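K.L.:
next input, structure requested:
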Amino acid sequence: MNYLYILSIRFAQAVPVLLLVAVFAFLLMHMLPGDPAVVIAGSDATPESVDVIRRQLGLDRPLYEQLFYWVSQLLQGNFGHSMGMNQSVLSVVYARLPVTLSLALIAFLITLPSGIILGSLAAFFRGTRIDTFVMGVALLGVSVPSFWIAIVAVIIFSVTLGWVPSSGYTPMSEGIDRWFLSLIMPAIVLALFQIGYLARMTRSAMLDVLSQDYIRTARAKGVSEWSTVSKHAFRNALMTVVTASGIILSLLIGGSVVIEQVFALPGVGRMVVQGIMARDYPLVQGTMLLFGFAFVMVNFIVDMLYTLVDPRVRYD
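P.N.:
Numbers count the residues shown, from 1 in each chain. You can find the predicted model right below:
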């Protein structure tokens with residue numbers, strides 16, 4: 001299999017998706033009420049000074065001209081200049097990306113084994129109290145709002161017990177232990193929803209495989225139930241698990257906005273919220289496009305993992 005060929009095909013397919021994301025981000029930001037020129041100039045600014053800033057930012061031009069100019073800059077690798085932070089969008093995102101990626105990675109490492117183990121246990125003990133308990137916990141994790149869990153976690157583990165910091169981020173350069181303590185509670189809260197989702201997906205995939213003829217044949221030959229489930233059923237259910245894991249990783253990267261706000265983490269998600277409040281068009285538009293590119297890359301990695309999990313999968 002020519003992986004370079006597959007990579008080129010996937011990138012060619014991603015181009016229209018990224019263009020749609022770019023147009024959607026542009027239109028969505030310009031639909032918001034408020035004028036960034038007024039925000040930058042301040043409430044006491046005169047109409048003349050606001051008009052000057054608007055012309056400097058190019059906001060006085062028609063909407064289609066602004067869109068064409070932005071897309072033309074993107075094609076040259078220029079994601080724009082943040083209005084509020086007076087830096088390039090790429091430099092602003094780069095400075096905050098380690099926080100978001102660290103949070104997403106720890107949450108993913110918590111989600112993957114927890115969701116797979118819980119889902120497999122529920123399938124193995126189908127119809128028992130263990131199955132009911134696991135699915136109840138999964139439903140609870142999916143249903144309860146993450147911001148509520150985050151607030152309760154801060155009250156219990158930070159304020160009452162004092163085990164972890166209540167907010168803020170410590171860089172890894174100041175100590176791995178302090179870095180880990182600043183992220184472990186936000187990561188667990190972020191992972192709870194995804195654990196419930198992955199557990200339900202794993203259980204469903206396992207039950208589907210366990211109903212197949214070759215599983216009944218293995219049981220008829222005297223293969224132990226544990227060997228049947230662990231060696232035969234689980235491996236064939238991995239396709240669904242890999243798909244769900246790719247979706248989960250994408251959601252963890254792009255869905256940490258609420259968690260970063262509650263725990264005051266200086267990540268990309270919190271930066272996007274601040275950019276929206278300040279009507280910082282280039283910052284929000286560029287960040288959304290970068291997130292779109294990250295989702296495309298995650299999907300490509302999932303496609304490659306398919307061929308490792310199941311050699312029968314081929315891409316033409």
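
K.L.:
please count neighbours and contacts with C-alpha atoms only from this point.
P.N.:
Fine.

K.L.:
so who does residue 38 touch?
P.N.:
45, 50 (Cα atoms under 8 Å, 6 or more residues apart in numbering).

K.L.:
now residue 38: how far from residue 200?
P.N.:
49 Å (Cα to Cα, to the nearest Å).

K.L.:
correct me if wrong, but residue 54 is in a helix.
P.N.:
Yes: counting by DSSP: H, G, I helix; E, B strand; the rest coil, one finds residue 54 located in a helix.

K.L.:
now for it: which residues touch it?
P.N.:
With the criterion set at Cα under 8 Å, 6+ apart, residue 54 makes contact with 37, 60.

K.L.:
list the contacts of stretch 71-84.
P.N.:
So stretch 71-84 is contacted by 22, 40, 70, 87-90, 275, 278, 280-283, 286 (Cα under 8 Å, 6+ apart).

K.L.:
ok, those vs residue 235, which is closest?
P.N.:
Closest approach to residue 235 among the contacts of stretch 71-84 (Cα to Cα): residue 22, at 38.9 Å.

K.L.:
secondary structure element holding that closest one?
P.N.:
helix 3-31 (DSSP states H and E).

K.L.:
so which elements touch that helix?
P.N.:
Here helix 3-31 touches helix 63-75, helix 281-309, going by 3 or more Cα pairs under 8 Å, 6 or more residues apart in numbering; DSSP states H and E.

K.L.:
quick one: it to helix 63-75, angle?
P.N.:
If you take axes from the mean of the first three to the mean of the last three Cα atoms, to 10 degrees, helix 3-31 sits at 150 degrees to helix 63-75.

K.L.:
which residues in the stretch 101-250 of the chain form helices?
P.N.:
129-143, 146-153, 176-210, 213-220, 225-227, 234-254 (DSSP state H, counting those that start in this stretch).

K.L.:
and those as JSON lines, adding distance to residue 170 and mean pLDDT?
P.N.:
What follows is the helices of the stretch 101-250 of the chain, written out as JSON lines (distance: least, Cα to Cα, whole Å; pLDDT from 0 to 100):
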{"stretch": "helix 129-143", "distance to residue 170": "27", "mean pLDDT": "83"}
{"stretch": "helix 146-153", "distance to residue 170": "19", "mean pLDDT": "84"}
{"stretch": "helix 176-210", "distance to residue 170": "5", "mean pLDDT": "86"}
{"stretch": "helix 213-220", "distance to residue 170": "50", "mean pLDDT": "74"}
{"stretch": "helix 225-227", "distance to residue 170": "44", "mean pLDDT": "69"}
{"stretch": "helix 234-254", "distance to residue 170": "19", "mean pLDDT": "77"}
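
K.L.:
deepest-packed of those helices, please.
P.N.:
Stretch with highest mean neighbour count among the helices of the stretch 101-250 of the chain: helix 176-210 (a mean of 22; mean count of other Cα atoms under 10 Å).

K.L.:
got the angle for that one vs helix 146-153?
P.N.:
Using the same axes, to 10 degrees, helix 176-210 lies at 130 degrees relative to helix 146-153.

K.L.:
how far does helix 176-210 sit from its chain's centre?
P.N.:
Offset of helix 176-210 from its chain centre (Cα atoms, centre = their mean, to the nearest Å): 13 Å.

K.L.:
remind me what it packs against, helices and strands.
P.N.:
Using 3+ Cα pairs under 8 Å, 6+ apart, helix 176-210 sits against helix 89-124, helix 129-143, helix 146-153, helix 234-254, helix 257-262.

K.L.:
in a markdown table: the ones you listed, plus distance to residue 171.
P.N.:
Shown next, in a markdown table, are the helices and strands packed on helix 176-210 (distance: least, Cα to Cα, whole Å):
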| stretch | distance to residue 171 |
| --- | --- |
| helix 89-124 | 8 |
| helix 129-143 | 29 |
| helix 146-153 | 21 |
| helix 234-254 | 18 |
| helix 257-262 | 15 |
